[in-house]
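A.B. asks: Mind looking at a prediction? Sequence and model below.
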Amino acid sequence: MTVQTVEKDQKRQPLWRQIAQTLENDIHERVLRPGDRMPTEWELTTRFGVNRHTVRRALAALSDAGVIRAEQGRGTFVQEGLIDYHITRRTRFSDTIRAQDREPDGQLVETNEIAADQRIARALQIAPGSPVLRILTLRRADMLPVSLTTHMFPQQRFPDIFRTYHETQSVTKALAKAGVADYTRGRTRVSARLPSPEEVRLLAIPKSRPLLITEAINLDMDGTPIEFGIAAFPADRMQLVFEP
């Protein structure tokens, strides 16, 4: 195929696709770098001489391809590279993020008490219906939301976990205050699904963006389950790396 034929084929493409390809070229050539804010819709309509509908379709295509990401209330950004989330016998979120020269932080979303259903009871080795204390946290790397995690603890063993988590803002430190100086990962199960409306809002992702879901059981040094955790990771931001 000649250069002229390629140029003709490109001209036959819809305007939104041509704009998407031009923006993707800007990203590949590092005119726009990972983490940069994308130009506004108004700036793009001015640059390409098209209407907002055409620009929005081009941006939607780039978002669906994982090239850019939209964050509610902040704007649209060039997607960074995937973050490796190492799952080992001692998986710790903050340590994993700092090891990749990124700054971790988190936000407490909610706490509540629930009754253990069959799955939770089996994971924590408690009777169905037993009280379980649930902590929902949003975690970020360099201010980018990368996980939404539900931590569940047997109320009988950790009656003060809400208070100690509020004080420390750390599950590991809260467990240490409760007498669990160290713990290990017992089992991790991985699946994938589309996000719920709450996950779309908190993780600032499109509703079409798949999530990696981990179900993990943490054990104290005697091998007793102390935490059952369910974490949701945007698949275009995190990849799971299993290590011995």
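C.D. replies: Now that the structure is in, tell me what you want to look at.

A.B. asks: What about E41, how many residues nearby?
C.D. replies: E41 has 15 neighbours, counted by other C-beta atoms under 10 Å. C-beta: built from backbone N, CA, C; applies to glycine.

A.B. asks: what sits against it?
C.D. replies: Taking C-beta atoms under 8 Å, 6 or more residues apart in numbering as the criterion, E41 is in contact with R52, V55, R56, L59.

A.B. asks: Who wins on neighbours among the residues you listed?
C.D. replies: Greatest neighbour count in these, by other C-beta under 10 Å, goes to V55: 25 neighbours.

A.B. asks: So which elements touch the host helix or strand of that residue?
C.D. replies: Using DSSP states H and E, V55 sits within helix 52-64. Helix 52-64 sits against helix 15-28, helix 41-48, strand 68-71, with contacts defined as 3 or more C-beta pairs under 8 Å, 6 or more residues apart in numbering; DSSP states H and E.

A.B. asks: And the second one, what's buried?
C.D. replies: When neighbours are counted by 16 or more other C-beta atoms under 10 Å, the buried residues of helix 41-48 are found to be L44, T45, F48.

A.B. asks: How about the last one: what's its closest non-neighbour residue?
C.D. replies: So that's F48. In space, and not counting its chain neighbours, F48 is closest to I19: 5.4 Å by C-beta to C-beta, 6 or more residues apart in numbering.

A.B. asks: right, and that neighbour touches G49 too?
C.D. replies: No - here I19 does not reach G49: they are 10.3 Å apart, not a contact under C-beta atoms under 8 Å.

A.B. asks: the more surrounded of those two?
C.D. replies: Counted by other C-beta under 10 Å, I19 and G49 do not tie: I19 has more neighbours, with 23 against 8.
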